[in-house]
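[1] Fold the following.
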Amino acid sequence: MKKSILLLLLYILFPLYSFSQVTHSASDSLAQYSFAQLAEKYEVTRKTNPESAKIYLNILHTKASSKKEQITAFLKMCHHEIFYGTKEKAFSYIESAYDLAKDSATIQLGYVYEKKGYYYYAKERDHDKALANYLKALAIAEKYQDKLLLIKVEHKIGALQYTLGAIDKALKSYNALYKKIETDTIPYNLRVTILKSLGNAYLRNYSFHKEQKKLLDSSAFFTQKGLQIASQKKDQKAIAYFEYLLGIAAFIKEDYTTALTHFDRSQNANNVIKVQRMLQDIYFHKGKIFLALQQSDSAIYYIKKSEPYFEDASKKLNQSSTYALLSESYELKGDFKNATKYAQLAYAYTEKLFTDNEQTKASIDQKYSLPKLEKRIHSLEETLQNTSQKKTNWYIFSLILVALLVSVYVFSRRREQRMKVHFNELIQNLETKESIPIKETKKFIVSEKKVQQILVALEKFEKGDLFLKQDCSLSFLAKNLQTNTAYLSKIINDYKSQSYTTYITNLRIQHAVNRLKNDPRFRAYTIESIAKESGFKNAKPFSRAFKKATKLYPSVFIKNLENLESL
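    Okay, the predicted model is just below:
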C-alpha cells in the first residue's frame, strides 16, 4: 500500500519537477538578455506561443531596474492576462502599474490609463469606465505630444464606438487614424491593428446598408493592404484574420469558390497560431457556403464544428442563426426530425434574446425572425407528420410487395418444375415415337385395299418434308396421294383421330421439336424464322401450336435444351 502511494506521488510530482527544471533552465539561459531584448522577444513570441512568452515576462519583471521598466513590465503582464489569463491577475498587474505611476507626472501614467481602459473594456465589459480611462490617457498624450499613445488611445475609442453600435463614428475615427499611419512611422502591430479595424468595420457597416456596395470595396481595400504587410512580416495571426475577412466578403458576393479559398488559407494560418474562436467562426461560414451549394452533409459537419464558439456568452446572438442553419441543412438532407428540432431551438434562443433594442433587432437576420421561425416550425412539423405517414404506407406496401414477390417466386419455381417435367416427357417421347399411330376403326365404303394404300402413302408423307410447305392443303395432299379429299379427310379422321388441320400442325411441330433437339444451329434462329422453316406463316400461330402440343413455349424448350447440353 505504502509502495503504491509512493509511486503515485512520484507520478504526480515528477512532471512538476521536470517543468520547474525546464523553467529554471530557460531562466538561466535568458539571464544574459537586457530588459529591452526580453521585451522584444516577448512581443515576437506571444502571438504564436503564449505559454513560452510568459517565461519572458517573468524574467522581464526581475530585470526591471527603473520605475519606468517596472511599469512597462506590469503593463505587459496585464496585457498578457487580458488575452490569455484571468481578470483578477490582469487587474492586480494594472493596479501595481498605477501605484508606481500615479505620483509621477510622466507619459507613463498615460500608458497606464490606456491599459486600464482596455482592461475594463475587454474583461469587465464596463464601457463607461473604459471610456473614462481612455479620455485620461488621451489628455496626457496630448499634453506630452506622444503620437504613439495618441494613435493607440484614439483607436481604442474607435473600437469602443464600434462595440456600442456607432459604426459610422468608429469608421470616422479609424479613417482619421489611417491618414496618420500613412504619413507617420508607427510600429507594425499598431498599423496592422488599424487596418484590421477598418476592414472589419466596413464589412459590418455593409450588413446594415446592403444597398451600398462600395462599403464592400472599401473593406476589401483595407483588408488587402493589411494582408500585404502581414505577409511581409509572416504574421500568421494577422494573415488568418485578413483572409477571414476576404472570405466573408466573397461569401456576401456569392463567389463561393473564392470564399472557400480564403477560408482555407485562414484556417491554415490558424493551424499555426491556434486561435480557436476564429477557427470555429471559419467553420460556421464554411457551413453556410456548403448549405448555399446544396451540400447538406458538409454544411452540417462545419456548422456543428462551429457550435462551441457560439455557446460563448459574447456570441449568444449568433446561436439562433446556428440552429436555424442546422435546421435548413437537415431539411435539405431530408431529415425532417432534426430539421424540426433545430428550428425549435432557434426559436427558443431568438425569443430569449430578442429585445426592443434596435441594434439587436438589426443584428438578427430577418430570415430567422420569430414569426418566420414559427411558420417554419409548423411547416416542418406538418412535413414530418406527412413523411412519417408516407414511411408507414411505404412499409406496408413493401410488406405486400415482398409477399407478392415471394408468391411469384414460388409460382415461378413450381411452373419451372412443371415445364421441366413436360420437357423430359417430350424428350422421352421423341426417342420412342416415330410416326402418328393408326387407330383401329370400323370399315366404310372405301375398299380395304384403298385404305391401306392411302395409309402407306400417309406414312411416307409423314417421313418426308412435304408438310412443311405453307400451301400443303387437303386438296394438295389428296392430289399428291392420288385420291380425293373426302376419302383422305375420312381416313385421317378415323385412323389418325384428328382433323386434317390438326394432323398437319402436329407434323410440323414434331418436325420442329426434332430439329431443335438435333440441330444446335437451328436453335440460334429467331422464333419467327423457326416458325417459317416449320411451315407456319409467322411466330404467333407456331408458338400457340407448340405450347398446345408440348406444354412448353418454343423459347422455354430451346433454353432447356441448352441447359441440358451444358451439363
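[2] contacting residues around residue 188?
    Under the criterion of CB atoms under 8 Å, 6 or more residues apart in numbering, the neighbours of residue 188 are 229, 233, 235. Using the backbone N, CA and C atoms, a C-beta is placed for each residue, glycine as well.
[3] Which of the helices or strands spans the residue nearest to the first one when sequence neighbours are not counted?
    Read that as residue 229. Of all residues not flanking residue 229 in the chain, residue 192 sits nearest, at 6.2 Å (CB to CB, 6 or more residues apart in numbering). Residue 192 is part of helix 188-208, with elements assigned from DSSP states H and E.
[4] doesn't residue 74 make contact with residue 94?
    Yes: in this structure, residue 94 is within contact of residue 74 by CB atoms under 8 Å, at 7.2 Å.
[5] Tell me which of the two has more neighbours.
    residue 94 (27 against 24; other CB atoms under 10 Å).
[6] helix or strand for that one, which one?
    Under the criterion of DSSP H and E, residue 94 resides in helix 87-101.
[7] Residue 488 versus the residue lying farthest from the centre of the chain, what's the distance?
    Distance from the C-alpha centroid of the chain peaks at residue 447, with 94.9 Å (CA atoms, centre = their mean). Distance, residue 447 to residue 488, using CB to CB, to the nearest Å: 15 Å.
[8] which residues in the stretch 51-200 of the chain form strands?
    With DSSP state E, counting those that start in this stretch as the criterion, the stretch 51-200 of the chain has no strands.
[9] Could you list the low-confidence segments of it?
    184 (pLDDT under 70).
[10] Helices of that one, residue ranges please.
    Ranges of helices within the stretch 51-200 of the chain are 67-84, 87-101, 107-119, 127-144, 147-163, 167-183, 188-208, based on DSSP state H, counting those that start in this stretch.
[11] Let me know the distance separating residue 88 from residue 70.
    Taking CB to CB, one finds residue 88 at 20 Å from residue 70.
[12] Just want to know which of those two has more residues nearby.
    Applying other CB under 10 Å to residue 88 and residue 70 shows that residue 70 carries more neighbours, namely 19 against 10.
[13] Is that one in contact with residue 100, as I believe?
    Yes: contact criterion CB under 8 Å: residue 70 and residue 100 qualify, at 5.8 Å.
[14] Who are the contact partners of residue 550?
    Taking CB under 8 Å, 6+ apart, we find residue 550 in contact with 422, 426, 509, 513, 557.
[15] and it, what pLDDT?
    Per-residue pLDDT puts residue 550 at 88.
[16] How about residue 440?
    At residue 440, the model reports a pLDDT of 52.
[17] cool, and residue 27?
    52.
[18] And residue 523, by the same measure?
    For residue 523, pLDDT reads 89.
[19] and if you look at residue 24?
    pLDDT for residue 24: 47.
[20] Check residue 556 too.
    Note for residue 556: predicted pLDDT of 91.
[21] what residue is smack in the middle of the protein?
    residue 297 (2.4 Å).
[22] From residue 323, how far off is that one?
    From residue 297 to residue 323 the distance is 18 Å (CB to CB).
[23] any chance you could map the helices in the stretch 251-400 of the chain?
    For the stretch 251-400 of the chain, the helices defined by DSSP H, counting those that start in this stretch cover 256-273, 276-292, 296-310, 316-333, 336-353, 358-363, 370-432.
[24] TSV for the ones you listed, including mean pLDDT?
    Converted to TSV, the helices of the stretch 251-400 of the chain look like this (pLDDT from 0 to 100):
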stretch	mean pLDDT
helix 256-273	90
helix 276-292	88
helix 296-310	81
helix 316-333	78
helix 336-353	80
helix 358-363	45
helix 370-432	72
